[in-house]
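Chemist: sequence first, then the predicted structure:
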Amino acid sequence: MEPSRKNNENKNVWRQVSRYTTLAMLLPTSIFVGYAIGYLLDKSFGTTWLKILFLLLGIAAGFVELIRQVQKDIRD
């Protein structure tokens with residue numbers, strides 16, 4: 001195998017590792033941010049349901065981005 005081809009394959013492997021590591025952090029981060037926003041709004045307005053709403057929005061946002069990335073990887 002040529003050295004340049006092997007080097008290129010190593011870069012592709014590390015690129016995939018970084019992409020999936022980012023995805024692994026994306027879902028919990030989006031859930032936490034959604035919950036935190038809802039919690040702060042609940043404290044500000046004296047309600048109890050905004051944290052649940054924003055938690056669900058954070059979950060949805062994380063899954064949407066996850067699905068987008070998987071579809072992009074399938075196309076490539």
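Modeler: Happy to help now that I have it. Residues are numbered from 1 along each chain as shown.
Chemist: for residue 26, list the residues it contacts.
Modeler: Counting by C-beta atoms under 8 Å, 6 or more residues apart in numbering, residue 26 makes contact with 62, 65, 66. Where you see a C-beta, it was placed from the backbone N, CA and C, and this is true even at glycine.
Chemist: for the protein, what's the longest helix?
Modeler: Using DSSP state H to define each element, the chain has its longest helix at helix 3-45.
Chemist: picking up where we left off before, who wins for most neighbours among the contacts of residue 26?
Modeler: Neighbour counts for the contacts of residue 26, by other C-beta atoms under 10 Å, peak at residue 62, which reaches 20 neighbours.
Chemist: just the element for it, please.
Modeler: Element membership for residue 62, per DSSP states H and E: helix 50-75.
Chemist: and residue 7, what's its pLDDT?
Modeler: Listed pLDDT for residue 7 reads 66.
Chemist: which residues touch the residue lying closest to residue 39 once chain neighbours are set aside?
Modeler: Of all residues not flanking residue 39 in the chain, residue 51 sits nearest, at 4.7 Å (C-beta to C-beta, 6 or more residues apart in numbering). Contact analysis of residue 51 by C-beta under 8 Å, 6+ apart lists 35, 38, 39, 41, 42.
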